[in-house]
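1. with the sequence up front, the predicted model follows.
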Protein chains: 2
Amino acid sequence: MPRTRSGVGTGSRGENPSKRGSKLDLFRFVPFRLNRLAAEVSAALSGEYQERYGLDIPEWRVLATLGFRNDACSAQYIAHCTRTHKSTISRAVTALMKRRLVERLENEDDRREFQLRMTRKGKALYHELIPRLLRKEQEILSCLSAQERKDFALLLGKVEKGLGLVQTRKEASKTEAY
Amino acid sequence: MPRTRSGVGTGSRGENPSKRGSKLDLFRFVPFRLNRLAAEVSAALSGEYQERYGLDIPEWRVLATLGFRNDACSAQYIAHCTRTHKSTISRAVTALMKRRLVERLENEDDRREFQLRMTRKGKALYHELIPRLLRKEQEILSCLSAQERKDFALLLGKVEKGLGLVQTRKEASKTEAY
DNA sequence: CTAAGATAGTCGCATCTGCAACTATCTAAA
DNA sequence: TTTAGATAGTTGCAGATGCGACTATCTTAG
């Protein structure tokens, strides 16, 4: 049974409790909404990569990067383009190697870094996982019309760009160096 | 533990490294984009509440909730409406009480729970912080036109609703009980 | 060649946070 | 009343992750 609210409400006590417009509705505050939404979406997806395949997010990011570029690359490259700390990527790679999903080759030209690529087993898992994730994504976006999804992607892109999250062509070609 | 099954599942276990459309561009994958964007936006804001005022996100959420409802409420209520785990809220409240930003009163009707509210000092901090955060938010959204911001908020709302993140009126009145 | 500085990757440490167990309290039913 | 079950809040524990130090290697300048 609902407890009776103490009748204070927005009424002003002597002290001027809520002066000016200096109030903030968390539910309309975009940073909070983005955080909450991201957490919820991650939770919705985790059933696929986490429970079903035992991958955590950093591990999944490594596989996704390797799978998309169908080509070997360094851990540093993955860290840069997924904006994940290099130590996190390092641990993810270690775990993936233990499970024989990823292997690494010495780089002759620069023996500090390794070339990473998925093993056959890793690729199999990747190709099994991708359709599931894409389906989940569509499920999450199913509340939007086709046009709204486009708009949403466009707006996300603008905000990302505004925050410097988007690679320019120049940066991308520089990134090739990794 | 979900060991990978021997069969590859989607068939054609042959070589064929990148078959079909089973590829995923992380940069077009909405869950990844939301995660990255939320992290970046949080980082952009942390300068205000973290560095300047020594608050972490859960602490900030407690203050924001108390500030918006200009009324005392329980820790459980805050946990529910911010979708934060109750243990996290508990620790945040403890920290805020140590700093005398928040105080709690025994609830006569139910001695399990406490009524939380900001102290004068807490309110002062809150009213100093809010305009800064709102300014930051506007800064982040400055890459969007007024109409685009509206659209963005609307689309966020639809996705939130689709995920069950939005309170209906009925739930809201039920929540009053907390 | 040598030395200084940059970079790739690893690892220890500290922090954060979710989970689950626990206490105290409330509610409802026998 | 007694007892079983629910709920508010706290806390120990473990897993995840960022930071910074460290090693090894590369590059560039003298």
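-> Perfect, I can see it now.

2. and the helices in chain A?
-> A:30-46, A:57-68, A:75-82, A:86-98, A:120-140, A:146-162, A:169-175 (DSSP state H).

3. and of those, who's closest to B:Leu154?
-> Closest to B:Leu154 of those, according to CB to CB: helix A:146-162, at 8.8 Å. For the C-beta atoms, the positions are set from N, CA and C on the backbone; glycine is no exception.

4. quick one: low-confidence parts of chain A?
-> Scanning chain A for pLDDT under 70 picks out A:1-21, A:167-178.

5. mind running it again at 90?
-> A:1-23, A:46-48, A:51, A:69-70, A:164-178 (pLDDT under 90).

6. chain A against DNA strand C: which residues are in contact?
-> Residues of chain A lying close to DNA strand C by CB under 7 Å from any atom of the strand are A:74-77, A:79, A:86-87, A:90-91, A:93-94, A:110, A:112-114, A:178.

7. hmm, 10 Å instead?
-> Counting by CB under 10 Å from any atom of the strand, chain A comes close to DNA strand C at A:1, A:3, A:35, A:39, A:43, A:46, A:73-80, A:85-94, A:97, A:104, A:107, A:110-116, A:177-178.

8. now a PyMOL select for only the buried ones of the residues you listed.
-> Selection of buried members from the residues of chain A next to DNA strand C for PyMOL, criterion 16 or more other CB atoms under 10 Å in any protein chain shown:
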select buried, chain A and resi 35+39+46+73+74+75+77+78+79+80+88+89+92+93+104+113+114+115+116
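
9. sorry, back to before: deepest of the helices of chain A, which one?
-> Of all these, helix A:57-68 carries the top mean neighbour count, a mean of 23, counting by mean count of other CB atoms under 10 Å in any protein chain shown.

10. by contact count, what packs against that helix?
-> Counting by 3 or more CB pairs under 8 Å, 6 or more residues apart in numbering or on different chains; DSSP states H and E, the packing neighbours recorded for helix A:57-68 are helix A:75-82, helix A:86-98, strand A:102-106, strand A:114-118, helix A:120-140, helix B:30-46.

11. can you list those in TSV and add distance to DNA strand D?
-> Converted to TSV, those look like this (distance: least, CB to the nearest atom of the strand, whole Å):
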stretch	distance to DNA strand D
helix A:75-82	9
helix A:86-98	3
strand A:102-106	9
strand A:114-118	11
helix A:120-140	17
helix B:30-46	7
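
12. fine by me, we can end here.
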